[in-house]
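*Asks:* Got a predicted structure here, sequence first:
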Amino acid sequence: MSAYSDLYEEYRKLAKRADERLRSLERASGREGYRDVTRYAYSRAQYDIRAFTGDPDKAFGRFDVRPQGATQKEQYNNLQKMMASVKTFLNSETSTIGPAKGAEGQRLEGIKGTFQKRAESTNEAYGTSFTWQSMATYWLSGMGAKLADMYGSKTALAMVAKHPKKINAILKQIEAANRRDQFVSEAQIEVMIEAAFGKEPSIDDL
């Protein structure tokens, strides 16, 4: 078999696993408390699928498609990109709600387990009121890391605890942009945070 055939065979096995997870997340998103599960790894996967299928309007895309390209070299190059994408998805904690295995067989806790533990420990330590869903959004949007980088982790969480409306407003801005497949940059997140709190938060913000 050629290098292309070997890679494609390996890719299809992973693609079938990934597609089952995509369908599982779609089904779960219709249940109470799980509406947002298609925002994280799922959203990134759909963005990638639209890119390598050349269909910007494609809805509910799947990984199990043939690579495009006018020549075999182009197809092989695209297949390598598709392989990287499907592995990224399968290795993401947010590609599954509960425990599962990654592309190389490693154990994943899943989005609920990962962020439930983090929410509980953060709420206990800082008096916040995170659910696992809001904790997932806080970190996966990039906002948690950016707040900690700008103000320090303890100050950031104090701000979250005291000003949940401001925090939620920023998260909604990030999510709205992400739904348009813009994937907000760190610089853009910083601008949103400074608009709400200023470059240096006042004592009233803490």
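*Replies:* Right, received. Where do you want to start? Only a predicted model underlies this, so the values are computations on that prediction, with no experimental measurement involved.

*Asks:* next one: the lengthiest helix in the chain to chain centre, how far?
*Replies:* Assignment by DSSP state H gives helix 3-28 as the longest helix of the chain. Counting by Cα atoms, centre = their mean, to the nearest Å, helix 3-28 is centred 18 Å from the centre of its parent chain.

*Asks:* can you give me the strands for the protein?
*Replies:* 100-101, 107-108 (DSSP state E).

*Asks:* mind listing what's buried in the longest helix of the chain?
*Replies:* 7-8, 11, 14-15, 17-19, 21-22, 24-25, 28 (16 or more other Cβ atoms under 10 Å). C-beta: built from backbone N, CA, C; applies to glycine.

*Asks:* Quick check: of these, which lies closest to residue 101?
*Replies:* Nearest to residue 101, judged by Cβ to Cβ, of these is residue 17 at 8.7 Å.

*Asks:* Name the nearest of the buried residues of helix 3-28 relative to residue 189.
*Replies:* For those, the residue nearest residue 189 by Cβ to Cβ is residue 25; the value is 24.5 Å.

*Asks:* who touches the closest one in this structure?
*Replies:* 37, 38, 42, 95, 96, 97 (Cβ atoms under 8 Å, 6 or more residues apart in numbering).

*Asks:* what do you get for residue 142?
*Replies:* Residue 142 is in contact with 174, 184, 186, 189, counting by Cβ under 8 Å, 6+ apart.

*Asks:* Report the central residue of this protein.
*Replies:* Centroid-nearest residue in the chain, with Cα atoms, centre = their mean: residue 40, separated by 2.7 Å.

*Asks:* No further queries at this time; thank you.
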